[in-house]
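**Student:** any chance you could fold what I've pasted below:
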Amino acid sequence: MQEWQILAIFLSQAGKRRIKLDKLPISVQNAPMSHAQQAQIPGSFHFVRAYAKINLTLDVLGKRTDGYHELATVMQTIDLYDTLCLTLTEDRHIEVFCDTPELSTRDNLAARAAERILQHTTYPGGLTIELSKRIPMAAGLGGGSSDAAAVLLALQEWWKIPLSQAEMVALAASLGSDVPFFLTGGLALCEGRGEVVTPLSSPETGFMRWLVLVKPPIGLSTATIFRQLSASDYTDGSYSRAFSASVQAGAGLQKSFLHNSLERGVLERYPEVSRAKADMLHAGAQWVQLSGSGPTLFAPFPELKAAFDVQQRLQAQGHAVYLSHAVHPNSGNVRFY
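**Tutor:** All right, here's what the predicted structure looks like:
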(Lines give C-alpha, C1' and ligand atoms only; values in the text may rest on other atoms or scores of the structure.)
Protein backbone atom coordinates (compact mmCIF):
# COMPACT_ATOMS: atom_id res chain seq x y z
CA MET A 1 0.00 0.00 0.00
CA GLN A 2 1.43 3.39 -1.02
CA GLU A 3 1.90 6.24 1.44
CA TRP A 4 -0.91 8.32 -0.03
CA GLN A 5 -3.31 5.36 0.31
CA ILE A 6 -2.48 5.01 4.00
CA LEU A 7 -2.94 8.75 4.40
CA ALA A 8 -6.29 8.69 2.60
CA ILE A 9 -7.56 6.02 5.00
CA PHE A 10 -6.31 8.07 7.94
CA LEU A 11 -8.03 11.19 6.67
CA SER A 12 -11.29 9.34 6.19
CA GLN A 13 -11.17 7.89 9.70
CA ALA A 14 -10.18 11.25 11.16
CA GLY A 15 -13.18 12.89 9.53
CA LYS A 16 -15.59 10.25 10.84
CA ARG A 17 -14.25 10.50 14.37
CA ARG A 18 -14.05 14.31 14.28
CA ILE A 19 -10.45 14.23 15.46
CA LYS A 20 -9.21 17.72 16.21
CA LEU A 21 -6.10 18.64 14.23
CA ASP A 22 -4.44 20.30 17.21
CA LYS A 23 -4.51 16.94 19.04
CA LEU A 24 -2.43 15.17 16.39
CA PRO A 25 1.18 14.30 17.29
CA ILE A 26 2.80 16.63 14.68
CA SER A 27 2.19 20.35 14.75
CA VAL A 28 3.45 23.32 12.79
CA GLN A 29 4.84 26.16 14.87
CA ASN A 30 4.34 29.81 13.90
CA ALA A 31 2.17 28.96 10.86
CA PRO A 32 0.40 32.25 10.05
CA MET A 33 -2.01 30.92 7.40
CA SER A 34 -5.04 28.87 8.38
CA HIS A 35 -4.59 26.44 5.50
CA ALA A 36 -1.23 25.45 7.03
CA GLN A 37 -3.19 23.51 9.66
CA GLN A 38 -3.53 20.79 7.02
CA ALA A 39 0.19 20.17 7.48
CA GLN A 40 -0.40 18.83 11.00
CA ILE A 41 -1.40 15.44 9.62
CA PRO A 42 1.57 13.06 10.08
CA GLY A 43 3.56 12.50 6.91
CA SER A 44 1.37 14.80 4.82
CA PHE A 45 3.85 17.53 3.83
CA HIS A 46 7.32 18.05 2.40
CA PHE A 47 9.56 21.03 1.79
CA VAL A 48 11.57 21.07 -1.44
CA ARG A 49 13.92 23.53 -3.11
CA ALA A 50 13.72 24.75 -6.71
CA TYR A 51 17.04 26.13 -7.95
CA ALA A 52 17.49 28.91 -10.51
CA LYS A 53 19.67 28.57 -13.60
CA ILE A 54 21.88 30.70 -15.76
CA ASN A 55 22.66 30.19 -19.44
CA LEU A 56 26.41 29.99 -19.94
CA THR A 57 25.79 29.69 -23.65
CA LEU A 58 22.66 30.29 -25.69
CA ASP A 59 22.88 29.63 -29.42
CA VAL A 60 19.73 30.28 -31.45
CA LEU A 61 20.07 28.26 -34.65
CA GLY A 62 16.88 29.39 -36.40
CA LYS A 63 13.11 29.16 -36.35
CA ARG A 64 11.35 25.79 -36.49
CA THR A 65 8.22 24.87 -38.38
CA ASP A 66 6.31 24.54 -35.08
CA GLY A 67 6.94 28.21 -34.27
CA TYR A 68 9.63 27.57 -31.66
CA HIS A 69 13.32 28.30 -32.19
CA GLU A 70 15.99 25.62 -32.46
CA LEU A 71 18.42 26.05 -29.57
CA ALA A 72 21.71 24.83 -28.23
CA THR A 73 22.32 26.11 -24.72
CA VAL A 74 24.47 25.15 -21.76
CA MET A 75 22.65 25.77 -18.50
CA GLN A 76 23.85 25.60 -14.91
CA THR A 77 21.82 25.54 -11.70
CA ILE A 78 22.88 28.06 -9.07
CA ASP A 79 22.39 28.47 -5.34
CA LEU A 80 19.42 30.80 -5.62
CA TYR A 81 16.22 28.93 -4.94
CA ASP A 82 12.51 29.03 -4.26
CA THR A 83 11.15 26.94 -1.39
CA LEU A 84 7.96 24.94 -1.79
CA CYS A 85 5.92 23.20 0.89
CA LEU A 86 3.66 20.51 -0.58
CA THR A 87 0.74 19.47 1.64
CA LEU A 88 -1.74 16.70 0.93
CA THR A 89 -5.40 17.61 1.44
CA GLU A 90 -8.69 15.75 1.62
CA ASP A 91 -10.44 17.54 -1.23
CA ARG A 92 -9.59 17.15 -4.90
CA HIS A 93 -8.44 20.76 -5.36
CA ILE A 94 -4.98 22.12 -5.98
CA GLU A 95 -4.29 25.47 -4.34
CA VAL A 96 -1.25 27.74 -4.45
CA PHE A 97 -0.34 30.27 -1.75
CA CYS A 98 2.66 32.42 -2.66
CA ASP A 99 4.35 35.34 -0.93
CA THR A 100 4.24 37.00 -4.35
CA PRO A 101 0.43 37.42 -4.48
CA GLU A 102 0.04 37.39 -8.27
CA LEU A 103 1.42 33.84 -8.30
CA SER A 104 -1.29 32.52 -5.96
CA THR A 105 -3.27 31.09 -8.85
CA ARG A 106 -4.08 27.78 -10.50
CA ASP A 107 -2.27 29.09 -13.59
CA ASN A 108 0.99 28.92 -11.66
CA LEU A 109 3.27 26.42 -13.43
CA ALA A 110 3.78 24.53 -10.16
CA ALA A 111 0.01 23.97 -9.88
CA ARG A 112 -0.18 22.83 -13.49
CA ALA A 113 2.66 20.38 -12.82
CA ALA A 114 0.76 18.97 -9.85
CA GLU A 115 -2.37 18.55 -11.96
CA ARG A 116 -0.45 16.69 -14.65
CA ILE A 117 1.22 14.22 -12.32
CA LEU A 118 -1.93 13.66 -10.24
CA GLN A 119 -3.48 12.28 -13.43
CA HIS A 120 -1.07 9.37 -13.11
CA THR A 121 -2.39 8.34 -9.66
CA THR A 122 -5.66 7.27 -8.13
CA TYR A 123 -5.04 9.47 -5.10
CA PRO A 124 -8.50 10.85 -4.16
CA GLY A 125 -7.35 14.07 -2.51
CA GLY A 126 -5.63 17.26 -3.55
CA LEU A 127 -2.61 19.37 -2.81
CA THR A 128 -1.74 22.75 -1.32
CA ILE A 129 1.46 24.35 -2.60
CA GLU A 130 3.04 27.04 -0.43
CA LEU A 131 5.65 28.88 -2.47
CA SER A 132 8.25 31.21 -1.03
CA LYS A 133 9.82 33.11 -3.95
CA ARG A 134 13.45 34.15 -3.96
CA ILE A 135 14.08 33.72 -7.70
CA PRO A 136 12.88 36.94 -9.36
CA MET A 137 10.05 36.64 -11.86
CA ALA A 138 10.42 37.12 -15.65
CA ALA A 139 14.17 37.33 -15.10
CA GLY A 140 15.72 34.72 -17.40
CA LEU A 141 16.53 32.48 -14.42
CA GLY A 142 13.91 29.76 -14.95
CA GLY A 143 12.12 30.18 -11.62
CA GLY A 144 8.70 29.04 -12.79
CA SER A 145 10.13 26.10 -14.71
CA SER A 146 12.20 25.04 -11.72
CA ASP A 147 9.15 25.21 -9.43
CA ALA A 148 7.26 22.96 -11.85
CA ALA A 149 10.08 20.41 -12.06
CA ALA A 150 10.42 20.38 -8.26
CA VAL A 151 6.73 19.50 -7.93
CA LEU A 152 6.98 16.73 -10.55
CA LEU A 153 10.01 15.16 -8.90
CA ALA A 154 8.73 15.53 -5.36
CA LEU A 155 5.35 13.92 -6.04
CA GLN A 156 6.86 11.13 -8.13
CA GLU A 157 9.33 10.20 -5.40
CA TRP A 158 6.90 10.79 -2.53
CA TRP A 159 4.24 8.51 -4.00
CA LYS A 160 6.58 6.17 -5.92
CA ILE A 161 4.74 6.87 -9.18
CA PRO A 162 6.04 4.38 -11.79
CA LEU A 163 6.98 6.83 -14.55
CA SER A 164 10.12 6.24 -16.59
CA GLN A 165 12.68 8.97 -17.15
CA ALA A 166 11.41 9.38 -20.72
CA GLU A 167 7.84 9.76 -19.46
CA MET A 168 8.93 12.35 -16.89
CA VAL A 169 10.79 14.31 -19.57
CA ALA A 170 7.72 14.25 -21.83
CA LEU A 171 5.55 15.43 -18.94
CA ALA A 172 8.03 18.20 -18.16
CA ALA A 173 8.32 19.27 -21.81
CA SER A 174 4.53 19.63 -22.01
CA LEU A 175 4.79 22.32 -19.33
CA GLY A 176 7.66 24.35 -20.78
CA SER A 177 10.91 24.17 -22.70
CA ASP A 178 13.15 24.67 -19.62
CA VAL A 179 11.31 22.26 -17.32
CA PRO A 180 13.12 19.06 -18.51
CA PHE A 181 16.50 20.58 -17.62
CA PHE A 182 15.43 21.04 -14.02
CA LEU A 183 14.64 17.34 -13.65
CA THR A 184 18.39 16.84 -13.34
CA GLY A 185 19.86 20.31 -12.92
CA GLY A 186 23.58 20.73 -12.56
CA LEU A 187 25.37 21.46 -15.83
CA ALA A 188 23.77 20.32 -19.08
CA LEU A 189 23.61 20.91 -22.81
CA CYS A 190 20.00 21.47 -23.87
CA GLU A 191 18.96 21.22 -27.51
CA GLY A 192 15.82 21.18 -29.65
CA ARG A 193 13.60 23.82 -28.11
CA GLY A 194 15.40 23.07 -24.85
CA GLU A 195 13.82 19.72 -24.00
CA VAL A 196 16.68 17.47 -25.22
CA VAL A 197 18.99 17.42 -22.20
CA THR A 198 22.51 16.00 -22.05
CA PRO A 199 24.05 16.24 -18.57
CA LEU A 200 27.67 17.36 -18.48
CA SER A 201 30.26 16.56 -15.86
CA SER A 202 31.07 19.33 -13.42
CA PRO A 203 34.23 21.16 -14.59
CA GLU A 204 36.84 22.93 -12.52
CA THR A 205 35.17 26.19 -11.58
CA GLY A 206 38.20 28.39 -12.31
CA PHE A 207 37.06 31.89 -13.22
CA MET A 208 33.42 30.91 -12.47
CA ARG A 209 33.74 29.95 -8.80
CA TRP A 210 31.48 32.82 -7.71
CA LEU A 211 28.68 34.60 -9.53
CA VAL A 212 27.24 38.08 -9.10
CA LEU A 213 23.78 38.54 -10.60
CA VAL A 214 21.97 41.81 -11.19
CA LYS A 215 18.24 41.91 -11.93
CA PRO A 216 17.25 45.23 -13.59
CA PRO A 217 13.85 46.57 -12.46
CA ILE A 218 11.90 45.27 -15.45
CA GLY A 219 10.42 41.94 -16.51
CA LEU A 220 10.86 40.58 -20.02
CA SER A 221 8.67 38.19 -21.97
CA THR A 222 10.64 35.30 -23.44
CA ALA A 223 8.26 35.05 -26.39
CA THR A 224 8.66 38.76 -27.15
CA ILE A 225 12.45 38.58 -27.02
CA PHE A 226 12.52 35.67 -29.45
CA ARG A 227 10.13 37.44 -31.82
CA GLN A 228 12.51 40.39 -31.91
CA LEU A 229 15.45 38.27 -33.09
CA SER A 230 16.98 39.03 -36.45
CA ALA A 231 18.67 36.50 -38.73
CA SER A 232 22.04 38.04 -37.84
CA ASP A 233 21.57 36.82 -34.26
CA TYR A 234 21.45 33.16 -35.32
CA THR A 235 24.53 30.99 -34.88
CA ASP A 236 25.57 27.49 -35.91
CA GLY A 237 25.68 26.29 -32.29
CA SER A 238 29.47 26.44 -32.13
CA TYR A 239 29.62 28.21 -28.76
CA SER A 240 27.57 25.55 -27.00
CA ARG A 241 29.40 22.72 -28.77
CA ALA A 242 32.82 24.18 -27.87
CA PHE A 243 31.77 24.60 -24.24
CA SER A 244 30.42 21.04 -24.04
CA ALA A 245 33.45 19.53 -25.78
CA SER A 246 35.80 21.31 -23.40
CA VAL A 247 33.91 20.02 -20.38
CA GLN A 248 33.75 16.47 -21.70
CA ALA A 249 37.48 16.53 -22.42
CA GLY A 250 38.24 17.73 -18.90
CA ALA A 251 39.79 20.93 -20.20
CA GLY A 252 39.48 24.30 -18.51
CA LEU A 253 36.69 26.72 -19.35
CA GLN A 254 37.40 29.86 -21.32
CA LYS A 255 35.45 33.10 -21.37
CA SER A 256 35.44 32.92 -25.16
CA PHE A 257 32.97 29.99 -24.87
CA LEU A 258 30.34 32.19 -23.19
CA HIS A 259 27.71 33.61 -25.53
CA ASN A 260 24.04 34.59 -25.67
CA SER A 261 22.35 35.14 -29.04
CA LEU A 262 19.59 37.18 -27.39
CA GLU A 263 21.86 39.71 -25.69
CA ARG A 264 22.39 42.14 -28.56
CA GLY A 265 18.69 42.76 -29.08
CA VAL A 266 17.94 43.03 -25.36
CA LEU A 267 20.71 45.56 -24.78
CA GLU A 268 19.58 47.65 -27.75
CA ARG A 269 15.89 47.70 -26.84
CA TYR A 270 15.98 47.88 -23.05
CA PRO A 271 18.16 50.70 -21.66
CA GLU A 272 17.71 49.44 -18.08
CA VAL A 273 19.63 46.30 -19.01
CA SER A 274 22.30 48.21 -20.90
CA ARG A 275 22.86 50.53 -17.93
CA ALA A 276 23.05 47.60 -15.52
CA LYS A 277 25.72 45.92 -17.64
CA ALA A 278 27.74 49.13 -17.80
CA ASP A 279 27.46 49.53 -14.02
CA MET A 280 28.65 45.95 -13.45
CA LEU A 281 31.70 46.47 -15.63
CA HIS A 282 32.45 49.81 -13.97
CA ALA A 283 32.13 48.17 -10.54
CA GLY A 284 34.92 45.75 -11.40
CA ALA A 285 33.37 42.79 -13.25
CA GLN A 286 35.62 41.51 -16.02
CA TRP A 287 32.85 39.75 -17.95
CA VAL A 288 29.09 40.31 -17.93
CA GLN A 289 26.51 38.27 -19.83
CA LEU A 290 22.74 38.07 -20.12
CA SER A 291 21.07 34.94 -18.74
CA GLY A 292 18.36 33.44 -20.94
CA SER A 293 16.04 36.09 -22.33
CA GLY A 294 16.98 38.43 -19.48
CA PRO A 295 16.88 40.89 -18.03
CA THR A 296 19.18 39.32 -15.40
CA LEU A 297 22.91 39.67 -16.03
CA PHE A 298 25.65 37.61 -14.40
CA ALA A 299 29.37 38.11 -13.88
CA PRO A 300 31.78 35.28 -12.95
CA PHE A 301 34.59 35.67 -10.40
CA PRO A 302 37.43 33.34 -9.34
CA GLU A 303 37.52 34.63 -5.74
CA LEU A 304 34.91 35.64 -3.17
CA LYS A 305 36.57 38.92 -2.22
CA ALA A 306 36.37 40.31 -5.75
CA ALA A 307 32.76 39.14 -6.11
CA PHE A 308 31.80 40.61 -2.72
CA ASP A 309 33.41 43.97 -3.50
CA VAL A 310 31.48 44.24 -6.77
CA GLN A 311 28.27 43.16 -5.04
CA GLN A 312 28.68 45.91 -2.43
CA ARG A 313 29.35 48.60 -5.04
CA LEU A 314 26.30 47.61 -7.07
CA GLN A 315 24.05 47.45 -4.02
CA ALA A 316 25.19 50.95 -3.07
CA GLN A 317 23.92 52.08 -6.48
CA GLY A 318 20.50 50.59 -5.76
CA HIS A 319 20.72 47.48 -7.90
CA ALA A 320 19.03 44.19 -6.94
CA VAL A 321 22.11 41.99 -6.55
CA TYR A 322 22.54 38.29 -5.78
CA LEU A 323 25.82 36.60 -4.83
CA SER A 324 25.70 32.94 -5.77
CA HIS A 325 27.60 29.92 -7.07
CA ALA A 326 26.98 26.80 -9.11
CA VAL A 327 25.18 23.85 -7.49
CA HIS A 328 24.85 20.27 -8.68
CA PRO A 329 21.77 18.55 -7.17
CA ASN A 330 21.87 14.78 -7.28
CA SER A 331 20.63 13.72 -10.70
CA GLY A 332 17.04 12.51 -10.62
CA ASN A 333 16.71 12.92 -6.86
CA VAL A 334 14.55 15.21 -4.74
CA ARG A 335 15.88 16.67 -1.53
CA PHE A 336 13.18 16.91 1.11
CA TYR A 337 13.69 19.44 3.93
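
**Student:** how far away is the closest residue to Arg269 other than its chain neighbours from Phe182?
**Tutor:** Taking C-beta to C-beta, 6 or more residues apart in numbering, and ignoring the residues beside it in sequence, Arg269 has Gln228 as its nearest neighbour in space, at 6.7 Å. For glycine as for every other residue, the C-beta is placed from the backbone atoms N, C-alpha and C. Taking C-beta to C-beta, to the nearest Å as the criterion, Gln228 is separated from Phe182 by 26 Å.

**Student:** out of these two, which sits in the busier spot?
**Tutor:** When neighbours are counted by other C-beta atoms under 10 Å, Gln228 and Phe182 differ, and Phe182 comes out ahead with 27 against 15.

**Student:** what residue ranges in this structure are flagged as low confidence?
**Tutor:** Scanning the chain with the threshold set as pLDDT under 70 gives 1-43, 204-205, 252, 330-337.

**Student:** now the residue positioned nearest the centre of it. Nearest residue, chain neighbours left out?
**Tutor:** In the chain, the residue lying closest to the centroid (C-alpha atoms, centre = their mean) is Ser146, at 2.7 Å. Taking C-beta to C-beta, 6+ apart as the measure, Ser146 lies nearest to Ala50, with 4.0 Å between them; neighbours along the chain are not counted.

**Student:** what number of neighbouring residues does that neighbour come out with?
**Tutor:** 28.

**Student:** let me know the helix or strand that it is in.
**Tutor:** Secondary-structure assignment from DSSP states H and E places Ala50 in strand 45-63.

**Student:** on contacts alone, who are the packing partners of the next helix or strand after that strand?
**Tutor:** Proceeding C-terminally, strand 45-63 gives way to strand 69-89 as the next helix or strand, assigned by DSSP H and E. Using 3 or more C-beta pairs under 8 Å, 6 or more residues apart in numbering; DSSP states H and E as the contact definition, the elements that strand 69-89 packs against are strand 45-63, strand 126-132, helix 143-159, strand 187-192, strand 210-215, helix 238-248, strand 320-324.

**Student:** quick check: angle from strand 69-89 to strand 126-132?
**Tutor:** In terms of direction (axes from the mean of the first three to the mean of the last three C-alpha atoms, to 10 degrees), strand 69-89 departs from strand 126-132 by 110 degrees.

**Student:** and strand 69-89, what's buried?
**Tutor:** Judged by neighbour count (16 or more other C-beta atoms under 10 Å), strand 69-89 contains these buried residues: 69-78, 80-89.

**Student:** Asn108 is in contact with Cys98, isn't it?
**Tutor:** Yes - using C-beta atoms under 8 Å, Asn108 is in contact with Cys98, at 7.1 Å.

**Student:** look up how far Arg264 lies from Leu109.
**Tutor:** The separation that Leu109 has from Arg264, given C-beta to C-beta, amounts to 28 Å.

**Student:** follow-up on the earlier one: show me what the strand holding Ala50 is packed against.
**Tutor:** With contacts defined as 3+ C-beta pairs under 8 Å, 6+ apart, the secondary structure elements packing on strand 45-63 are strand 69-89, helix 143-159, helix 179-182, helix 238-248, strand 259-260.

**Student:** 6 Å instead?
**Tutor:** Secondary structure elements in contact with strand 45-63, counted by 3 or more C-beta pairs under 6 Å, 6 or more residues apart in numbering; DSSP states H and E, are strand 69-89, helix 143-159, helix 238-248.
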